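Engineer: predicted model and sequence below, questions to follow.
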Amino acid sequence: MANWGDVIYLIALEKSVDDEGFENNHPTPGEPRKVYANRKSVRSEEFHAAKQKGVTLSYMFEVRSIEYEGEEQLKYNDKDYTVYRTYDKGEIIEIICHRKGDDHAS
């Protein structure tokens with residue numbers, strides 16, 4: 001049963017425009033949005049498949065689907081993570097993430 005005991009901050013990447021009106025190639029993080037979640041272990045098959053691609057997965061979080069708006073980053077315990085993959089399970093969505101900078105793929 002879900003207890004929603006963990007707090008994560010979902011962060012969307014926003015396109016920015018330079019002084020001349022051109023879109024920058026590097027989106028900037030938007031305002032973090034607080035969401036209650038359930039922290040889960042990453043499934044071993046998914047962990048090993050990502051590891052073969054040079055990515056070390058950190059956590060899987062369950063959140064209510066209505067609260068997830070496609071954010072690409074999240075913060076948990078004052079650490080920044082990148083969303084690796086999501087699984088929509090109806091009313092719940094699983095967000096699998098890895099630490100920013102832990103991607104060692106070439």
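Structural biologist: Sure, I can see it. Numbers count the residues shown, from 1 in each chain.
Engineer: and the residue of the chain most remote from its centre, how far from residue 31?
Structural biologist: Distance from the C-alpha centroid of the chain peaks at residue 20, with 31.6 Å (C-alpha atoms, centre = their mean). As judged by C-beta to C-beta, to the nearest Å, residue 20 and residue 31 stand 25 Å apart. (Each C-beta comes from the backbone N, C-alpha and C, glycine too.)
Engineer: what does the model give the residue farthest from the centre of the chain for pLDDT?
Structural biologist: Per-residue pLDDT puts residue 20 at 78.
Engineer: state whether it is indeed within a strand.
Structural biologist: No. The assignment for residue 20 by DSSP: H, G, I helix; E, B strand; the rest coil gives coil, which leaves it out of any strand.
Engineer: quick one, what contacts it?
Structural biologist: Not one residue lies near residue 20 by C-beta atoms under 8 Å, 6 or more residues apart in numbering.
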